[in-house]
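Trainee: What follows is a predicted protein model with its sequence.
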Amino acid sequence: KQEVTQIPAALSVPEGENLVLNCSFTDSAIYNLQWFRQDPGKGLTSLLLIQSSQREQTSGRLNASLDKSSGRSTLYIAASQPGDSATYLCAVRQGGSEKLVFGKGTKLTVNP
Amino acid sequence: DVKVTQSSRYLVKRTGEKVFLECVQDMDHENMFWYRQDPGLGLRLIYFSYDVKMKEKGDIPEGYSVSREKKERFSLILESASTNQTSMYLCASSSLGVRYTFGSGTRLTVV
């Protein structure tokens, strides 16, 4: 059974810092991996989708990488801002399934 | 802008009531999902549907049922609400190779 782990559970950084959020998964037979952002009391917003054949995806100050063989993904946030404060979740989709398996998230606080 | 719309943001129901949570998507996606989210437990899949009238149990289907009579609408039904079903409920839709899109969530409190 696929398990997704995100470490750390919470992270607090000063504004302007570059930071990395980590995601690991136990079964490397994935179809794709998504990173989501969730603001308190709200739904999830998809940030980046990496297909299993890709190594990375970029959107603005965000860069996500995928190393399928080692079961790892990282989300890199450049020049963090207070508006980046949120919970970030990663989720993997297995080959042959439409279901996503989620990690429990990393709660990020960027202090002004 | 493409959307997944959940009919209620906040809902308070009494124990034993039958509760309907509605979700509508405008993207013509084949797949729709219901998750619940609880502190410390993360998101857990309740049910999903890959086509009209088709459904499949997720990880925690007990106490819930679903209905998908039209492609754009997926309803979650709590047959007899209980206090342990107090949670945030999130609906999502997807199509092959496309990102999941989530609704804003329904915060259900059962008293």
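Mentor: That came in fine, so what should we check first? What you see is a predicted model, and the numbers here were worked out from it, not measured in a lab.

Trainee: alpha carbons only for contacts and neighbour counts from here, please
Mentor: Fine.

Trainee: if I read this right, residue A:67 contacts residue A:53, doesn't it?
Mentor: No. With contacts counted by CA atoms under 8 Å, residue A:67 stays clear of residue A:53, the gap being 9.9 Å.

Trainee: higher neighbour count, the two?
Mentor: Each of residue A:67 and residue A:53 has its neighbours counted (other CA atoms under 10 Å in any protein chain shown); residue A:67 has more, 16 against 12.

Trainee: quick one: residue B:42 and residue B:109, what's the gap?
Mentor: According to CA to CA, to the nearest Å, residue B:42 stands 18 Å off from residue B:109.

Trainee: So the two - more neighbours on which side?
Mentor: Using other CA under 10 Å as the criterion, residue B:42 and residue B:109 rank with residue B:109 on top: 19 against 14.

Trainee: pLDDT wise, what is the more buried one at?
Mentor: pLDDT for residue B:109: 97.

Trainee: Likewise for residue B:2?
Mentor: The model reports residue B:2 with a pLDDT of 66.

Trainee: ditto for the one 3 residues further on
Mentor: According to the prediction, residue B:5 has pLDDT 95.

Trainee: Likewise for the one 3 residues further on?
Mentor: Among the per-residue scores, residue B:8 holds a pLDDT of 90.

Trainee: next one: residue A:55
Mentor: pLDDT, residue A:55: 95.

Trainee: does stretch A:93-102 come close to chain B?
Mentor: Yes. Residues of stretch A:93-102 contacting chain B under CA under 8 Å from any CA of the partner chain: A:98, A:102.

Trainee: Indicate the residue of chain A located nearest to chain B.
Mentor: residue A:43 (4.1 Å; CA to the nearest CA).

Trainee: Make sure that residue is actually in contact with residue B:102.
Mentor: Yes. Look at residue A:43 against residue B:102 with CA under 8 Å: they come within range, at 6.1 Å.

Trainee: Let me see the contact set for residue A:5.
Mentor: The neighbours of residue A:5, taking CA atoms under 8 Å, 6 or more residues apart in numbering or on different chains as the test, are A:23-25, A:103-104.

Trainee: A strand includes it, no?
Mentor: Yes. Secondary structure assignment places residue A:5 in a strand (DSSP: H, G, I helix; E, B strand; the rest coil).

Trainee: Regarding chain B, what is its longest strand?
Mentor: If you go by DSSP state E, chain B has its longest strand at strand B:42-51.

Trainee: Helix, strand or coil: sort out the closest residue to chain A within chain B for me.
Mentor: Residue nearest to chain A within chain B: residue B:104 (4.1 Å; CA to the nearest CA). The local conformation at residue B:104, judged by three-state DSSP, is coil.

Trainee: how near is the residue lying closest to it once chain neighbours are set aside to residue B:26?
Mentor: Closest residue to residue B:104 apart from its sequence neighbours, by CA to CA, 6 or more residues apart in numbering or on different chains: residue A:43 at 4.1 Å. Residue A:43 sits 17 Å away from residue B:26, taking CA to CA as the criterion.
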